[in-house]
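Peer 1: sequence unknown, structure follows:
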(Lines give C-alpha, C1' and ligand atoms only; values in the text may rest on other atoms or scores of the structure.)
Protein backbone atom coordinates (compact mmCIF):
# COMPACT_ATOMS: atom_id res chain seq x y z
CA UNK A 1 0.00 0.00 0.00
CA UNK A 2 2.85 2.29 0.85
CA UNK A 3 4.59 1.38 -2.39
CA UNK A 4 1.49 2.17 -4.44
CA UNK A 5 1.26 5.60 -2.79
CA UNK A 6 4.91 6.25 -3.55
CA UNK A 7 4.36 5.44 -7.22
CA UNK A 8 1.52 7.94 -7.46
CA UNK A 9 3.56 10.86 -6.08
CA UNK A 10 5.49 11.57 -9.34
CA UNK A 11 2.26 11.55 -11.29
CA UNK A 12 0.65 14.09 -8.94
CA UNK A 13 3.77 16.26 -9.07
CA UNK A 14 3.86 16.13 -12.86
CA UNK A 15 0.17 17.00 -13.00
CA UNK A 16 0.84 19.98 -10.75
CA UNK A 17 3.75 21.20 -12.88
CA UNK A 18 2.10 20.72 -16.27
CA UNK A 19 -0.66 23.34 -15.78
CA UNK A 20 1.97 25.83 -14.68
CA UNK A 21 4.10 25.15 -17.77
CA UNK A 22 1.06 25.23 -20.05
CA UNK A 23 -0.14 28.50 -18.58
CA UNK A 24 3.33 30.04 -18.93
CA UNK A 25 3.54 28.90 -22.54
CA UNK A 26 0.03 30.17 -23.27
CA UNK A 27 0.84 33.52 -21.70
CA UNK A 28 3.97 33.94 -23.81
CA UNK A 29 2.07 33.03 -26.97
CA UNK A 30 -0.69 35.49 -26.12
CA UNK A 31 1.82 38.26 -25.50
CA UNK A 32 3.54 37.54 -28.83
CA UNK A 33 0.17 37.47 -30.60
CA UNK A 34 -0.82 40.80 -29.06
CA UNK A 35 2.50 42.34 -30.12
CA UNK A 36 2.09 41.06 -33.69
CA UNK A 37 -1.48 42.28 -33.84
CA UNK A 38 -0.45 45.74 -32.67
CA UNK A 39 2.33 45.79 -35.30
CA UNK A 40 -0.04 44.71 -38.05
CA UNK A 41 -2.80 47.11 -37.09
CA UNK A 42 -1.70 49.99 -39.36
CA UNK A 43 -1.55 47.64 -42.34
CA UNK A 44 -5.04 46.29 -41.83
CA UNK A 45 -6.80 49.63 -41.79
CA UNK A 46 -8.63 50.57 -44.96
CA UNK A 47 -7.97 53.91 -46.55
CA UNK A 48 -10.84 56.41 -46.41
CA UNK A 49 -12.01 58.24 -49.49
CA UNK A 50 -9.37 60.80 -50.21
CA UNK A 51 -5.81 61.32 -51.32
CA UNK A 52 -4.03 60.76 -48.02
CA UNK A 53 -4.78 58.93 -44.83
CA UNK A 54 -3.15 58.49 -41.46
CA UNK A 55 -2.30 54.80 -40.81
CA UNK A 56 -1.52 55.48 -37.13
CA UNK A 57 -4.96 56.82 -36.24
CA UNK A 58 -6.00 60.13 -34.70
CA UNK A 59 -4.24 59.70 -31.39
CA UNK A 60 -2.81 63.10 -30.30
CA UNK A 61 0.25 61.54 -28.70
CA UNK A 62 1.47 60.00 -31.99
CA UNK A 63 2.59 61.86 -35.09
CA UNK A 64 0.57 61.19 -38.22
CA UNK A 65 2.40 59.72 -41.21
CA UNK A 66 0.76 60.71 -44.50
CA UNK A 67 0.75 57.78 -46.90
CA UNK A 68 -0.27 58.19 -50.52
CA UNK A 69 -2.80 55.69 -51.85
CA UNK A 70 -3.45 55.64 -55.57
CA UNK A 71 -7.17 55.28 -56.32
CA UNK A 72 -8.11 52.52 -58.72
CA UNK A 73 -11.13 54.20 -60.31
CA UNK A 74 -9.33 57.23 -61.77
CA UNK A 75 -8.89 56.96 -65.56
CA UNK A 76 -5.39 56.89 -66.98
CA UNK A 77 -4.35 60.33 -68.31
CA UNK A 78 -4.13 60.66 -72.08
CA UNK A 79 -0.46 61.61 -72.01
CA UNK A 80 0.35 58.61 -69.85
CA UNK A 81 -1.51 56.27 -72.22
CA UNK A 82 0.45 57.63 -75.18
CA UNK A 83 3.70 57.20 -73.25
CA UNK A 84 2.79 53.60 -72.44
CA UNK A 85 2.24 52.89 -76.14
CA UNK A 86 5.52 54.57 -77.10
CA UNK A 87 7.52 52.55 -74.57
CA UNK A 88 5.80 49.35 -75.71
CA UNK A 89 7.24 49.83 -79.22
CA UNK A 90 10.84 49.81 -77.95
CA UNK A 91 11.01 46.09 -77.05
CA UNK A 92 9.54 45.25 -80.47
CA UNK A 93 12.29 47.31 -82.06
CA UNK A 94 14.78 45.43 -79.91
CA UNK A 95 13.52 42.11 -81.30
CA UNK A 96 14.10 43.38 -84.84
CA UNK A 97 17.52 44.76 -83.86
CA UNK A 98 18.54 41.38 -82.45
CA UNK A 99 18.11 39.89 -85.90
CA UNK A 100 20.62 42.40 -87.31
CA UNK A 101 23.48 42.33 -84.82
CA UNK A 102 24.31 38.61 -85.16
CA UNK A 103 24.46 36.08 -87.91
CA UNK A 104 20.86 34.93 -87.46
CA UNK A 105 18.56 37.20 -89.48
CA UNK A 106 15.35 35.29 -88.68
CA UNK A 107 13.01 37.61 -86.82
CA UNK A 108 10.93 34.63 -85.72
CA UNK A 109 13.99 33.17 -83.99
CA UNK A 110 14.83 36.36 -82.10
CA UNK A 111 11.18 36.87 -81.20
CA UNK A 112 11.01 33.34 -79.78
CA UNK A 113 14.22 33.87 -77.83
CA UNK A 114 12.84 37.12 -76.44
CA UNK A 115 9.63 35.37 -75.38
CA UNK A 116 11.61 32.60 -73.68
CA UNK A 117 13.60 35.16 -71.72
CA UNK A 118 10.42 36.94 -70.72
CA UNK A 119 8.84 33.67 -69.60
CA UNK A 120 11.68 32.61 -67.31
CA UNK A 121 12.21 36.11 -66.02
CA UNK A 122 8.54 36.73 -65.29
CA UNK A 123 8.50 35.23 -61.80
CA UNK A 124 11.56 36.94 -60.28
CA UNK A 125 10.76 40.20 -62.08
CA UNK A 126 7.62 40.50 -59.97
CA UNK A 127 9.92 41.37 -57.08
CA UNK A 128 11.26 44.33 -59.05
CA UNK A 129 7.80 45.89 -59.30
CA UNK A 130 6.62 44.93 -55.82
CA UNK A 131 4.82 47.81 -54.16
CA UNK A 132 2.62 47.43 -51.04
CA UNK A 133 -0.94 48.66 -51.33
CA UNK A 134 -0.51 51.00 -48.36
CA UNK A 135 3.22 51.34 -47.73
CA UNK A 136 4.30 52.15 -44.21
CA UNK A 137 7.78 53.61 -43.72
CA UNK A 138 8.25 51.67 -40.49
CA UNK A 139 7.36 48.18 -41.70
CA UNK A 140 7.61 47.98 -45.48
CA UNK A 141 10.88 49.71 -46.25
CA UNK A 142 13.07 46.71 -45.44
CA UNK A 143 10.71 44.24 -47.11
CA UNK A 144 10.51 46.33 -50.28
CA UNK A 145 14.29 46.72 -50.37
CA UNK A 146 14.88 42.99 -49.95
CA UNK A 147 12.31 42.14 -52.61
CA UNK A 148 13.82 44.62 -55.07
CA UNK A 149 17.33 43.30 -54.42
CA UNK A 150 16.20 39.72 -54.94
CA UNK A 151 14.52 40.59 -58.21
CA UNK A 152 17.56 42.54 -59.37
CA UNK A 153 19.81 39.54 -58.70
CA UNK A 154 17.57 36.70 -59.91
CA UNK A 155 15.93 38.18 -63.00
CA UNK A 156 18.95 38.57 -65.37
CA UNK A 157 20.38 35.04 -65.05
CA UNK A 158 16.99 33.37 -65.42
CA UNK A 159 15.99 35.50 -68.39
CA UNK A 160 19.38 34.86 -70.00
CA UNK A 161 18.97 31.13 -69.40
CA UNK A 162 15.62 31.12 -71.17
CA UNK A 163 16.92 33.01 -74.20
CA UNK A 164 20.16 31.08 -74.40
CA UNK A 165 18.53 27.68 -73.85
CA UNK A 166 15.91 28.12 -76.53
CA UNK A 167 18.44 29.54 -78.98
CA UNK A 168 20.82 26.64 -78.48
CA UNK A 169 18.21 23.90 -78.55
CA UNK A 170 15.66 25.05 -81.09
CA UNK A 171 17.49 27.32 -83.53
CA UNK A 172 20.92 25.76 -83.86
CA UNK A 173 23.93 26.12 -81.62
CA UNK A 174 25.68 29.45 -81.77
CA UNK A 175 29.27 29.80 -82.88
CA UNK A 176 30.40 30.77 -79.36
CA UNK A 177 28.19 29.01 -76.83
CA UNK A 178 29.81 30.33 -73.66
CA UNK A 179 30.07 33.88 -74.93
CA UNK A 180 26.47 33.68 -76.07
CA UNK A 181 25.25 33.10 -72.51
CA UNK A 182 27.48 35.86 -71.13
CA UNK A 183 26.11 38.21 -73.76
CA UNK A 184 22.55 37.20 -72.93
CA UNK A 185 23.27 37.79 -69.24
CA UNK A 186 24.71 41.23 -69.89
CA UNK A 187 21.81 42.14 -72.14
CA UNK A 188 19.27 40.91 -69.59
CA UNK A 189 20.98 42.92 -66.85
CA UNK A 190 20.85 46.08 -68.97
CA UNK A 191 17.22 45.33 -69.85
CA UNK A 192 16.42 44.89 -66.17
CA UNK A 193 17.77 48.32 -65.30
CA UNK A 194 15.84 49.85 -68.20
CA UNK A 195 12.70 48.01 -67.06
CA UNK A 196 12.97 49.44 -63.55
CA UNK A 197 13.55 52.98 -64.81
CA UNK A 198 10.73 52.74 -67.35
CA UNK A 199 8.33 51.34 -64.78
CA UNK A 200 9.00 54.15 -62.33
CA UNK A 201 8.66 56.81 -65.03
CA UNK A 202 5.33 55.37 -66.18
CA UNK A 203 4.06 55.13 -62.61
CA UNK A 204 4.81 58.80 -61.99
CA UNK A 205 3.20 59.84 -65.26
CA UNK A 206 0.10 57.78 -64.46
CA UNK A 207 -0.65 59.42 -61.10
CA UNK A 208 -3.18 59.79 -59.61
CA UNK A 209 -4.39 56.71 -61.50
CA UNK A 210 -3.24 53.18 -60.65
CA UNK A 211 -4.49 51.61 -63.88
CA UNK A 212 -2.14 50.04 -66.38
CA UNK A 213 -0.08 48.13 -63.85
CA UNK A 214 -0.11 44.92 -65.88
CA UNK A 215 0.88 46.82 -69.04
CA UNK A 216 3.80 48.45 -67.24
CA UNK A 217 5.07 45.10 -66.00
CA UNK A 218 4.71 43.58 -69.47
CA UNK A 219 6.67 46.47 -71.00
CA UNK A 220 9.40 45.93 -68.41
CA UNK A 221 9.52 42.23 -69.24
CA UNK A 222 9.82 43.16 -72.91
CA UNK A 223 12.92 45.20 -72.15
CA UNK A 224 14.44 42.28 -70.25
CA UNK A 225 13.71 39.70 -72.96
CA UNK A 226 14.78 41.95 -75.82
CA UNK A 227 18.01 42.80 -74.02
CA UNK A 228 18.76 39.13 -73.50
CA UNK A 229 18.10 38.37 -77.17
CA UNK A 230 20.29 41.26 -78.32
CA UNK A 231 23.16 40.16 -76.11
CA UNK A 232 22.78 36.53 -77.14
CA UNK A 233 22.85 37.27 -80.86
CA UNK A 234 25.65 39.79 -80.63
CA UNK A 235 27.99 37.67 -78.47
CA UNK A 236 27.08 34.28 -79.94
CA UNK A 237 27.69 35.24 -83.56
CA UNK A 238 24.61 33.48 -84.88
CA UNK A 239 24.21 29.80 -85.76
CA UNK A 240 27.20 27.70 -86.73
CA UNK A 241 28.08 27.72 -90.44
CA UNK A 242 27.49 23.96 -90.75
CA UNK A 243 23.75 24.75 -90.92
CA UNK A 244 22.85 22.57 -87.95
CA UNK A 245 19.40 23.90 -87.16
CA UNK A 246 16.34 22.21 -85.80
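Peer 2: On my side now, so go ahead. Only a predicted model underlies this, so the values are computations on that prediction, with no experimental measurement involved.
Peer 1: which stretches in the protein count as strands?
Peer 2: All strands of the chain, identified by DSSP state E, fall at 52-53, 67-68.
Peer 1: hmm, residue 106 and residue 170 touching each other?
Peer 2: No - counting by Cβ atoms under 8 Å, residue 170 does not reach residue 106; the two are 11.2 Å apart. From N, CA and C alone the C-beta is placed, and that goes for glycine too.
Peer 1: shaky segments in the protein?
Peer 2: 1-73, 131-142, 241-246 (pLDDT under 70).
Peer 1: now do the domain split for it, please.
Peer 2: With automatic domain parsing as the criterion, the domains of the chain are listed as 1-41, 78-236.
Peer 1: hey, which of those domains is tucked in deepest?
Peer 2: domain 78-236 (a mean of 20; mean count of other Cβ atoms under 10 Å).
Peer 1: now the terminal residues of that one, how far apart.
Peer 2: Using Cα to Cα, to the nearest Å, the end-to-end distance of domain 78-236 comes out at 42 Å.
Peer 1: just stretch 169-178 next, same as before
Peer 2: Length of stretch 169-178, first residue to last, Cα to Cα: 14 Å.
Peer 1: skipping adjacent residues, who's closest to residue 122 in space?
Peer 2: residue 221 (6.1 Å; Cβ to Cβ, 6 or more residues apart in numbering).
Peer 1: OK, contacts around residue 164?
Peer 2: Taking Cβ atoms under 8 Å, 6 or more residues apart in numbering, we find residue 164 in contact with 180-181, 184, 228, 232.
Peer 1: and which of those is nearest residue 98?
Peer 2: residue 232 (7.6 Å; Cβ to Cβ).
Peer 1: does that closest one really touch residue 182, like I thought?
Peer 2: No - look at residue 232 against residue 182 with Cβ under 8 Å: they stay out of range, at 9.5 Å.
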